[in-house]
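*Asks:* need coordinates for the below:
(one chain, ligands or ions: 1)
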Amino acid sequence: MVKILYVEDNFQNFRLVTRMLMREPEGYEIIQAPDGKTALKLAAEWRPDLILMDINLPDIDGEEVTRRIKANPDLQHIPVIALTANVMVGDRERYLEAGCDGYLGKPIMREQLREALHRFLSPNGKGKSKPGSNATAAPPPPRLRTAGQGNDRHPPTVE
Ligand code: MN
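*Replies:* As a prediction, the model looks like this:
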C-alpha cells in the first residue's frame, strides 16, 4: 500500500480526497493530520510515501511544516505537494522555496491529483536521482521509419 499523509484541518476536504483515492487501483492508505504538530509527528512515526500539505492550518502553517520536514535528513526525501485555494502572486514560488515538491490548487480535481501522485510516486520520480544516472541510461532503441512519418526527413539534432 502506498502511504499518504494528508495534512488538512477541513474534514470535508479530507473525505473528498479519500474518496478519490479509494477508487484508484494503486491501493492508497491515507491518514489525516488536522494540524501542523500532528503532521510532524506522523511524518516521523508513520513515514508516509508522500505528503499532501494544506497551507492554512490552525497552528503551524503548511510552509513551515514543509520547511521542518525538509530540514530533517530522515524525512526530506518524502515528496510534499502543497494544496491551497488562495493562490496569490508569488505564492507558488514561496511554497517551492519552502521545499514543496509540487503544488495543486483547490478545489482538488481528481485528474490533477492522480497525475501528481503518479509523477511523485513513480520509480523515476521517487527519491533523489543519483548523480550520473542519466549518463548510464541505455540509449533509446532505433526507431523504425514507418508510413506516415515521411515528412520527417531531417530529424532534429540531439544536444
Ligand atoms: Mn486549511
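*Asks:* looking only at pLDDT, what's the mean for the helix or strand containing residue 40?
*Replies:* Using DSSP states H and E, the element containing residue 40 is helix 36-46. When pLDDT is averaged along helix 36-46, the result is 98.
*Asks:* okay, angle between whichever helix or strand comes after it and helix 36-46 too, please.
*Replies:* Counting by DSSP H and E, the element after helix 36-46 in chain order, helix or strand, is strand 50-54. Orientation check (axes from the mean of the first three to the mean of the last three Cα atoms, to 10 degrees): strand 50-54 against helix 36-46 gives 180 degrees.
*Asks:* in the helix or strand that comes right after strand 50-54, what's buried?
*Replies:* Downstream of strand 50-54, the next assigned helix or strand under DSSP H and E is helix 62-70. Residues of helix 62-70 classed as buried by neighbour count (16 or more other Cβ atoms under 10 Å): 62, 63, 65, 66, 67, 68, 69, 70. For every residue, glycine as well, the C-beta is placed using N, CA and C.
*Asks:* pLDDT and distance to residue 91 added to those residues, as a markdown table?
*Replies:* Output for those, formatted as a markdown table (pLDDT from 0 to 100; distance: Cβ to Cβ, whole Å):
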| residue | pLDDT | distance to residue 91 |
| --- | --- | --- |
| 62 | 97 | 11 |
| 63 | 96 | 10 |
| 65 | 98 | 16 |
| 66 | 98 | 13 |
| 67 | 98 | 15 |
| 68 | 98 | 19 |
| 69 | 98 | 19 |
| 70 | 98 | 18 |
